[in-house]
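Sequence first, predicted model second:
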Amino acid sequence: MAEIKNNAPQDIVTLIKSKGYTAIAVASILGLSRNAVYKWKYKGHISQDNINQLADLLEEDPAYIRGLIKHEERIR
């Protein structure tokens, strides 16, 4: 699991906001619904493909994104 840095975002939505995006913007860019993005935070439902796309968009390591998911076993 990726190391979480001190003072770093502790969830996906906070990371998205710290990079200057909104959940709605990310959803639009990735071709998803806003609800799908919020499910990443609250339910941990995210596909590996979406992790990779989000990592590319936010210029982060996919392992770091995975580390922010509370229910990692739900990655499909």
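Received the coordinates, thanks.

so what's the residue nearest to Leu32 when sequence neighbours are not counted scoring on pLDDT?
Counting by CB to CB, 6 or more residues apart in numbering, Leu32 lies nearest to Asn50, which is 7.3 Å off, once chain neighbours are set aside. Bear in mind the C-beta positions are built from the backbone N, C-alpha and C, glycine included. With respect to pLDDT, Asn50 scores 94.

OK, contacts around Asn50?
Listed by CB atoms under 8 Å, 6 or more residues apart in numbering, the contact set of Asn50 reads 30, 32, 40.

Averaging pLDDT per element, find the lowest-scoring helix or strand in the protein.
helix 34-42 (a mean of 86; mean pLDDT, DSSP states H and E).

packing partners for it?
Applying 3 or more CB pairs under 8 Å, 6 or more residues apart in numbering; DSSP states H and E, we find helix 34-42 packed against helix 12-18, helix 23-30.

thinking Asp11 is in contact with Lys41, fair?
Yes: the pair Asp11 / Lys41 is scored as a contact, 5.1 Å apart, by CB atoms under 8 Å.

And the two? Which one has more around it.
In this view Asp11 and Lys41 are compared by other CB atoms under 10 Å, and Lys41 has more residues nearby, 19 against 14.

Quick check: that one vs Gln10, distance?
10 Å (CB to CB, to the nearest Å).

Which residues belonging to the least confident helix or strand of the chain are considered buried?
Buried residues in helix 34-42, counting neighbours by 16 or more other CB atoms under 10 Å, are found at 36-37, 39-41.

Tyr21: which of those residues is nearest?
Tyr21 lies nearest to Val37 out of the buried residues of helix 34-42, by CB to CB, at 9.8 Å.

show me where pLDDT drops low in this structure?
Where the chain drops to pLDDT under 70, the residues are 1-8, 70-76.

Longest helix in it, please.
Scanning the chain for the longest helix, with DSSP state H as the assignment, gives helix 48-58.
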